[in-house]
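Visitor: Mind folding the following:
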Amino acid sequence: MNRILVTLLLVIWVMRALSQNQANNEKYVLVIHGGAGTILQQTMTREKEKAYKAVLEKALQAGYAKLQSGKTSIDAVQAAIRVMEDSPLYNAGKGAVFTHDGRNELDASIMDGGTRKAGAVAGVTIVKNPIDAARAVMEKSQHVMLVGKGAEAFAKEQRLVLVDPKYFYTRERSEGLQKAIEKEKVQLDHSANPQDHWPDSKFGTVGAVALDQEGNLAAGTSTGGMSNKRFGRVGDSPIIGAGTYANNETVAVSCTGWGEFFIRNIAAYDVSALMEYRNLTVKKAALAVIEKVGNMGGDGGLIALDKNGNMAMPFNTAGMYRGTVTKEGKIEVLIYK
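Guide: Numbering: from 1, shown residues only. Sure, this is the predicted structure:
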């Protein structure tokens, strides 16, 4: 009897181990984020949480549909990001935050892991979907980044959808600007460090990374930048290697957070470098990069998807809007830690 019992217990243990191993080794084809920051469950209404999750799910479905139909990872990344750009909930496209001067200046980038080609735009004010402009720069020009009026002229030439700047107005973002200005006045009166007022004025950036049926990786990021930003400030989102990076040999990465620190750490590329030169897993490499950003004083997070379908979503803030879909179509969306 004892032998039978031991055998049964051993079988149960093995089955559980195999089940756990299978769960831990799910292959992902699309990962997205909608920004990281002070996102606390106690301050989030059930209705608002449901609305945020609905957009994330819609974005995942849009990207996954592209992959299922045999389209490229670039197509999937663009489709997922467009959904979030069209939502007023996220700081990209329609939901972009305001500059100090009351404008909406948008940035975006995209990168093909197979060819290592990339495209980006920064400081655009009339392009409805900046991710479309970034892709057009990558595929229809000899350049990587176009800025401001030049980028808008190029978008017009490419017949992208242009809108009146008023399209980007939302009352919530307008009120957010006024709060940021008032907070800045108080903090600047009590601090000798001009950077003290920057934290938590910058979150909501959106991004996506994808792996297609041909084994090609892609990454994209889109943002409205920091609320109350001045002087044509540009963060990491449109900068290849800082906010976005993709390489078929390693990983696709999209970052979100305090852009200055992601630029200084070349964060997106650093994940790839750690995987290539130190042979770290995607999870260990991504976590190491976020720790570097944090140790320097920055905050935020990133999403990463490697060539084998393994993913990571580390962040050092209270929350990060994020979601995944597996090769089989299993969708999961998360907000809090």
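Visitor: what's around the closest residue to residue 125 other than its chain neighbours, how many residues?
Guide: With CB to CB, 6 or more residues apart in numbering as the criterion, residue 125 has its nearest non-adjacent residue at 5.2 Å, and that residue is residue 165. (Glycine included, C-beta is placed from N, CA and C.) Counted with other CB atoms under 10 Å, residues neighbouring residue 165 total 12.
Visitor: what ranges do the strands span in the stretch 101-250 of the chain?
Guide: For the stretch 101-250 of the chain, the strands defined by DSSP state E, counting those that start in this stretch cover 106-112, 118-124, 145-147, 206-211, 217-223, 244-246.
Visitor: now these as JSON lines including mean neighbour count?
Guide: Formatted as JSON lines, those follow (neighbours: other CB atoms under 10 Å):
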{"stretch": "strand 106-112", "mean neighbour count": "32"}
{"stretch": "strand 118-124", "mean neighbour count": "26"}
{"stretch": "strand 145-147", "mean neighbour count": "20"}
{"stretch": "strand 206-211", "mean neighbour count": "34"}
{"stretch": "strand 217-223", "mean neighbour count": "33"}
{"stretch": "strand 244-246", "mean neighbour count": "33"}
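Visitor: Of all the ones you listed, which one is nearest residue 331?
Guide: For the strands of the stretch 101-250 of the chain, proximity to residue 331 was assessed by CB to CB; strand 206-211 is nearest, at 13.7 Å.
Visitor: now that closest one: mean pLDDT?
Guide: Strand 206-211 carries an average pLDDT of 98.
Visitor: One more: stretch 230-244?
Guide: 96.
Visitor: repeat for stretch 295-314
Guide: Averaging pLDDT along stretch 295-314 gives 97.
Visitor: buried ones in that stretch?
Guide: Applying a neighbour-count criterion of 16 or more other CB atoms under 10 Å, one finds 298-307, 309-314 buried in stretch 295-314.
Visitor: Same question for stretch 258-266.
Guide: Applying 16+ other CB under 10 Å to stretch 258-266 flags 258-263, 265-266 as buried.
Visitor: ok so, going back, for residue 161, which of the strands of the stretch 101-250 of the chain is the nearest?
Guide: Closest among those, using CB to CB: strand 118-124, at 12.1 Å.
Visitor: ok, residues contacting that closest one?
Guide: Residues from elsewhere that reach strand 118-124 (CB atoms under 8 Å, 6 or more residues apart in numbering): 105-112, 127, 130, 133-139, 141, 143-148, 151-152, 155, 232, 234, 238-240, 244.
Visitor: Ok, stretch 45-65 next?
Guide: Residues from elsewhere that reach stretch 45-65 (CB under 8 Å, 6+ apart): 29-30, 32, 34, 41, 76-77, 79-84, 87, 89-90, 208, 210, 321-325, 329, 331, 333, 335.
Visitor: And the pLDDT for residue 37?
Guide: On the pLDDT scale, residue 37 gets 84.
Visitor: Tally up the residues packed near it, please.
Guide: By other CB under 10 Å, 25 other residues sit near residue 37.
Visitor: Kindly report the same for residue 225.
Guide: Applying other CB under 10 Å, we find 28 residues neighbouring residue 225.
Visitor: Pick out the least confidently modelled helix or strand of this protein, by mean pLDDT.
Guide: Lowest on mean pLDDT, DSSP states H and E among the helices and strands of the chain sits helix 2-24, with a mean of 53.
Visitor: Could you pull up the contacting residues of the residue nearest to residue 125?
Guide: 103-104, 125-126.
Visitor: for those residues, which one is nearest residue 253?
Guide: For the contacts of residue 165, the closest approach to residue 253 (CB to CB) belongs to residue 104, at 25.8 Å.
Visitor: Now the closest one. Nearest residue, chain neighbours left out?
Guide: Excluding the flanking residues, the one nearest residue 104 by CB to CB, 6+ apart is residue 168, at 3.9 Å.
Visitor: same deal with residue 269?
Guide: For residue 269, ignoring the flanking residues on the chain, the nearest one in space by CB to CB, 6+ apart is residue 241 at 3.9 Å.
Visitor: now residue 306
Guide: Spatially, and ignoring its direct neighbours in sequence, residue 306 is nearest to residue 282 (4.2 Å; CB to CB, 6+ apart).
Visitor: related to what we said a few turns ago, and the residue nearest to residue 104, how far from residue 160?
Guide: For residue 168, the distance to residue 160 equals 15 Å [CB to CB, to the nearest Å].
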